[in-house]
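[1] Pasting the sequence and the predicted model now:
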Amino acid sequence: MPSRKALVRRPGPRLAEGLVTHVEREKIDVDLALEQWEAYTETLRAHGWETIEVDPADDCPDAVFVEDTVVMYRNVALIARPGAESRREETDGVEEAVARLGCSVNWIWEPGTLDGGDVLKVGDTIYVGRGGRTNAAGLQQVRAAFEPLGARVVAVPVSKVLHLKSAVTALPDGTVIGHIPKVDRPSLFPRFLSVPEEAGSHVVLLGGPKLLMSATAPRSAELFADLGLEPVTVDIGEFEKLEGCVTCLSVRLRELYA
Ligand SMILES: NC(=O)NCCC[C@H](N)C(=O)O
């Protein structure tokens, strides 16, 4: 049976010091962030996902954005090497967590850098964003790790947002969605649907027609509902102030066979 496990990592006390690159810094309410994180993880569980908490990394302000630390393809966990120095130590606990789950573990090595947020999988196509956090060596290492397993790696320029998945994600049928002003090259995707709000570009596939998305994109949610999908919304406002989105707060492990 394919698994339905999701790695998550609770926000630490230094969350407010998290990095901001493309947005103005705003004040973070750490208690509210924790409440939002609890509600996010509860929503995953309510939709059949077993959440597995990675050990906290309280010295790392951005550790809650666990997606950036590892990329899963089949049962292989490729441990990232974050593009921002301040995030490098976040991978330690993640390495242990995936090894404990029985994943085969591989690593991005220096001089490669890669943030998991730059990797979008659509079936066996793996889009890798080449932008502020992921360099050419990192991209090449993703090819070396996953192409022998049957993946096709497609490089995508990213200049307008932090990560590839800040610009685009995909619907259950593989259609890539994005808010045009934030997408460098929509023509790289075989099927592309534009959405009316930036936060509407970010969906986590919960299974079947259900899409987890931010409450700040009501018009995009309406568009998805009109297409027969079922948006499930969460408030992640405190994380959005740090350029986080619904995708970056978890890593779903869908292809582990227990
Ligand atoms: N995958 C993601 O979208 N991650 C968000 C990371 C936000 C964090 N403040 C950072 O700049 O690294």
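    Happy to help now that I have it. Numbering: from 1, shown residues only.
[2] For the rest of this, base every contact and every neighbour count on C-alpha atoms.
    Noted.
[3] List, one by one, the residues from the stretch 1-150 of the chain near the ligand.
    18-20, 62, 65, 67-68, 117 (CA under 6 Å from any ligand atom).
[4] hmm, which of those are the buried ones?
    Among those, the ones that count as buried by 16 or more other CA atoms under 10 Å are 18-19, 62, 65, 67-68, 117.
[5] Return the backbone torsion pair for S214.
    Here is the backbone geometry of S214 (degrees, to the nearest 10): phi -70, psi 150.
[6] Now do the contacts for it.
    Shown in contact with S214 (CA atoms under 8 Å, 6 or more residues apart in numbering): 199-200, 202, 233-236, 245-246.
[7] Could you check how far the residue of the chain found nearest the ligand is from G131?
    Nearest to the ligand, among the residues of the chain, is G117, at 3.5 Å (CA to the nearest ligand atom). Applying CA to CA, to the nearest Å, the value for G117 to G131 is 11 Å.
[8] contacting residues for V98?
    V98 sits next to 77, 105 when contact means CA under 8 Å, 6+ apart.
[9] quick check: longest helix of the chain.
    Secondary structure assigned by DSSP state H gives helix 30-46 as the longest helix of the chain.
[10] Packing partners of it?
    strand 50-53, strand 230-234, helix 237-240 (3 or more CA pairs under 8 Å, 6 or more residues apart in numbering; DSSP states H and E).
[11] For burial, what's the neighbour tally of K27?
    Using other CA atoms under 10 Å, K27 has 10 neighbouring residues.
[12] Excluding covalently adjacent residues, which one is nearest to it?
    Excluding the flanking residues, the one nearest K27 by CA to CA, 6 or more residues apart in numbering is A16, at 7.2 Å.
[13] so where do the helices sit in the chain?
    With DSSP H as the criterion, the chain has helices spanning 30-46, 91-100, 136-146, 164-167, 218-226, 237-240.
[14] Next, the angle from the longest one to strand 230-234.
    The reference is to helix 30-46. In terms of direction (axes from the mean of the first three to the mean of the last three CA atoms, to 10 degrees), helix 30-46 departs from strand 230-234 by 150 degrees.
[15] what about helix 30-46, distance to the chain center?
    On the basis of CA atoms, centre = their mean, to the nearest Å, helix 30-46 is displaced by 16 Å from the centre of the chain it belongs to.
[16] Any chance you could list what contacts it?
    8, 10-11, 13, 15-16, 50-51, 206, 234-239.
[17] Narrow those residues to just the buried residues.
    Using 16+ other CA under 10 Å, the buried ones in the contacts of helix 30-46 are 8, 10-11, 15-16, 50-51, 206, 234-239.
[18] okay, and the common contacts of G117 and G131?
    Counting by CA under 8 Å, 6+ apart, the shared contacts of G117 and G131 are 163-164.
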